[in-house]
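Enquirer: could you look at this predicted model? Sequence included:
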Amino acid sequence: MNDLIHVTSSPHVREKMDTRKIMLCVIISLLPATFFGIYNFGVKALLIIFLSIFTSVLSEWVFDRITYRKNTIGDLSAVVTGLLLGLNLPHTVSWFIPVLGSIFAIFIVKMLFGGLGQNFMNPALGARCFLVLSFASQMTTFTYDGVTGATPLTQIKQGETVNTIDMLLGTCGGTIGETSALCLLIGGIFLILMGIISLRIPATYIITLVLFMGAFGPKGFDGTYLLQQVFGGGLMIGAFFMATDYVTCPITPKGQIVYGIILGVLTGVFRVFGQTAEGVSYAIIFTNCLVPLIEKFTIPKAFGINTVKEEH
Amino acid sequence: MALRSFKGGVHPYEGKELSKDKPVVRLEPSSELVFPLSQHIGAPAKAVVNVGDTVLRGQVLAEANGFVSAPVISSVSGTVKAIEKRRSCTGSMVESIVISNDNMDSCVSFNEISFEEALKLDRETIIKKISDAGIVGMGGAGFPTHVKLSPKDPDKIEYIIVNCAECEPYLTSDYRTMLEKTDKLYLGLKLLVSLFKNAKGVFAIEDNKRDCISLLSEKCVDDNISVCPLLTKYPQGGERQLIHAVTGRDINSKMLPADAGCIVDNVSTVCAIYDAVVLGKPLMDRFFTVSGDNVVNPQNYEIRIGMSFRDILEASGGEIDKAQKWISGGPMMGFSMFDLDVPTTKTTGAFLSFKEDEASIYDATACINCGRCVNACPENLVPSRLSKFFENKVKDEFEKWYGLECIECGSCTYVCPAKRPLAQEIKTFKHQILAEKKKQKEIGRGN
């Protein structure tokens, strides 16, 4: 075969970047938050993350086998899903929670819809919501330093005061990977610098949320309060790593801005008017379903299409 | 100074260092030259010689067949060996005139005038000279130059842009032209500008060719010709992108550059215009790059149009190893070849030979919707969606997402991390739809 001349249609060159390298960048960008989570919550966190990744990859492999599809675990997307799911679980959950969650994420949310690129919902978040609904008490019990308590956002909602610096560094209760705004921000900046994600979604999401919380929140435009809303809960991990999931966000640049705004408004609505202090997961999942509609209304105008031809 | 550019585009490996510093070498013509009758856009030329006729260098072999057409000129002297279908570099069979070279190089007499005299000629005479010289866009498109120079309203032309971008990787023949034929190029543009009352001339050069920018800037001191440095980015030399970069005006697929008050010509074309009008010489020779990681001597040559790729390759020293890919033109928009015994034409400016075919290393995987193609598209399209519309054969959606605006630059395929053949699919679908539209229009006319 290789002795023959190849005849193909142009272009004849390709960039070195491929899907696997993109996924590898996402994994690298999540490492600061992962290591901090393990440091913060102990070895149990490592076990949860490991189980979650292992089951995700295994599920994809099994699905490919039983459906006679080409093995796709090499693209590392299952690792990303498993890692994100692990980071979205409290470290106190039983071992079967990450296992069940990963199977749900890969089998139901991802592979049944056609695998990578075809799922309309972020697999890790879909699984998290499934777990929260099915195992509410396990999924919403947060222990920090041996004390079971509320997450900072819940504390704020209940009128207690919390330390903003703790929320920035992540030395507080929450899921394994969501607590450290700083680590997540480092990862997010890495992704932007590597050209993996653009600022459009995270920036519009966070700015809209801040404006919404300022306008409709209980404390108005109070600096500390708004900062805590940004650092707290799943916003950082959601804005930089979940909302920007390629497959489930709009591909059109304008659509991405609309998507970010909807996310910000929905998260704000859930946080201000909802029962819980959270809302990022549901906001992203819900907006994922709006993506085809958003794209339909934001088809970019082609170059020069608005130029009117002069009649001679 | 901020460099001018356009939105989108890609930065492929340039590879120009292989051949850029080597001065152009004249190649002796081979024993047999082939002249396809269709080397341009428009009606194929009509042969005016017969088998057995003796022809001179510079003699017309075939004359233009209509307004949008161009004559074909012999680049050597000899006898007409055959008039038959021969394979062209794109793979199709084209009616061609085969000349057996007598190595005498007997020329027809060229009617040379001075540049000052040329400036005094009237518009029609100059355009007639360009048309008779068989000049077509030498950058690759092959649109007859005299047609370009005859817009409906010549007074509306404000810019004559010389496309010196040479944004395709590996190609250096335009670069060498700028360095070695600076005067010709400058005077050629001056001549073109004199044809249009309101026009000014612009050399649009990518800033990876700094020496050309300074060389041409020195020339244009006190007249209405200037140099416009551009950001080095592919496809900077695309007609619509170039016009945008230089003038800020945008045109779409239904418009001509003239609608934006522009005429865009390639470097070699402008030099050919000088040759035709001042030296009285028709288009017979051109600069040609031989490059790639599989050729012994990457080099620029001055070739006789009509020589076969094989003759040029052999004269250049041949290949290092067995090639896996041959390309006529650049790696982004050139044609891959399977036969080297095909003639060069007015529009072929390069031959590349590669040990390995980069395009076949990777297998296409699922689209992950990353949007890299959207960022790369210079036409602001969404290639990943357009390719899905092709796969599902939905024409109305394809048109709704502006698929017909595609300029086929290949940037989307180049950047795709899933290695999907986006540009190839979009091109195919675009041509299908355009062909159907044309057919429907013809049926409509028939009724």
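Expert: Cool, the structure landed.

Enquirer: quick check, A:L290 in a strand?
Expert: No. Assessed by DSSP: H, G, I helix; E, B strand; the rest coil, A:L290 does not belong to a strand; its assignment is helix.

Enquirer: for the residue nearest to it when sequence neighbours are not counted, what are its contacts?
Expert: Nearest residue to A:L290, sequence neighbours excluded (C-beta to C-beta, 6 or more residues apart in numbering or on different chains): A:I262, at 6.6 Å. For glycine as for every other residue, the C-beta is placed from the backbone atoms N, C-alpha and C. When contacts are counted by C-beta atoms under 8 Å, 6 or more residues apart in numbering or on different chains, A:I262 touches A:T287, A:L290, A:I294.

Enquirer: now those in a markdown table, with distance to B:K85?
Expert: A markdown table is the format used below for the contacts of A:I262 (distance: C-beta to C-beta, whole Å):
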| residue | distance to B:K85 |
| --- | --- |
| A:T287 | 60 |
| A:L290 | 58 |
| A:I294 | 54 |
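
Enquirer: how close does the residue nearest to A:L290 get to A:R128?
Expert: A:I262 sits 20 Å away from A:R128, going by C-beta to C-beta, to the nearest Å.

Enquirer: now A:V258
Expert: 24 Å.

Enquirer: what strands flank the lowest-mean-pLDDT helix or strand in chain A, and is each parallel or antiparallel?
Expert: Across the helices and strands of chain A, mean pLDDT, DSSP states H and E gives its lowest value to strand A:147-149, namely a mean of 81. Neighbouring strands of strand A:147-149 in its sheet, by DSSP bridges, are strand A:142-144 (antiparallel).

Enquirer: need the residues that contact the partner strand.
Expert: A:P90, A:H91, A:T92, A:T148, A:G149, A:A150, A:T151, A:C172, A:G173, A:G174, A:T175.

Enquirer: kindly recompute the last result at 7 Å.
Expert: Residues outside strand A:142-144 that contact it (C-beta atoms under 7 Å, 6 or more residues apart in numbering or on different chains): A:P90, A:T92, A:G149, A:T151, A:C172, A:G173, A:G174.

Enquirer: neighbours around the residue of the stretch 1-150 of chain A found nearest chain B, how many?
Expert: Nearest to chain B, among the residues of the stretch 1-150 of chain A, is A:P11, at 3.2 Å (C-beta to the nearest C-beta). If you count neighbours by other C-beta atoms under 10 Å in any protein chain shown, A:P11 ends up with 28.

Enquirer: interface residues of chain A facing chain B?
Expert: Residues of chain A lying near chain B by C-beta under 7 Å from any C-beta of the partner chain: A:2-3, A:5-15, A:17-19, A:22, A:75, A:115-117, A:246-247, A:251-253, A:299-305, A:307, A:309-310, A:312.

Enquirer: out of these, name the ones that lie in strands.
Expert: Among the residues of chain A next to chain B, DSSP state E puts none in strands.

Enquirer: show the buried residues in those residues.
Expert: Burial by neighbour count, 16 or more other C-beta atoms under 10 Å in any protein chain shown: within the residues of chain A next to chain B this picks out A:5-6, A:8-15, A:17-19, A:22, A:75, A:115-117, A:246-247, A:251-253, A:299-300, A:302-305.

Enquirer: which sections of chain B are below the confidence cut-off?
Expert: For chain B, the stretches with pLDDT under 70 are B:1, B:222, B:446-447.

Enquirer: and it, what are its domains?
Expert: Using automatic domain parsing, the domain ranges for chain B come out as B:17-110+B:283-354, B:111-279, B:372-446.

Enquirer: okay, B:P235 and chain A: tell me how far apart.
Expert: B:P235 is 10 Å from chain A, where distance means C-beta to the nearest C-beta, to the nearest Å.

Enquirer: and that residue, what does it touch?
Expert: B:G9, B:C167, B:Q241, B:P378, B:C409, B:S411 are the contacts of B:P235 under C-beta under 7 Å, 6+ apart.

Enquirer: my guess is the third one contacts B:K7, does it?
Expert: Translated: B:Q241. No. Assessed by C-beta atoms under 7 Å, B:Q241 is found out of contact with B:K7, at 9.0 Å.
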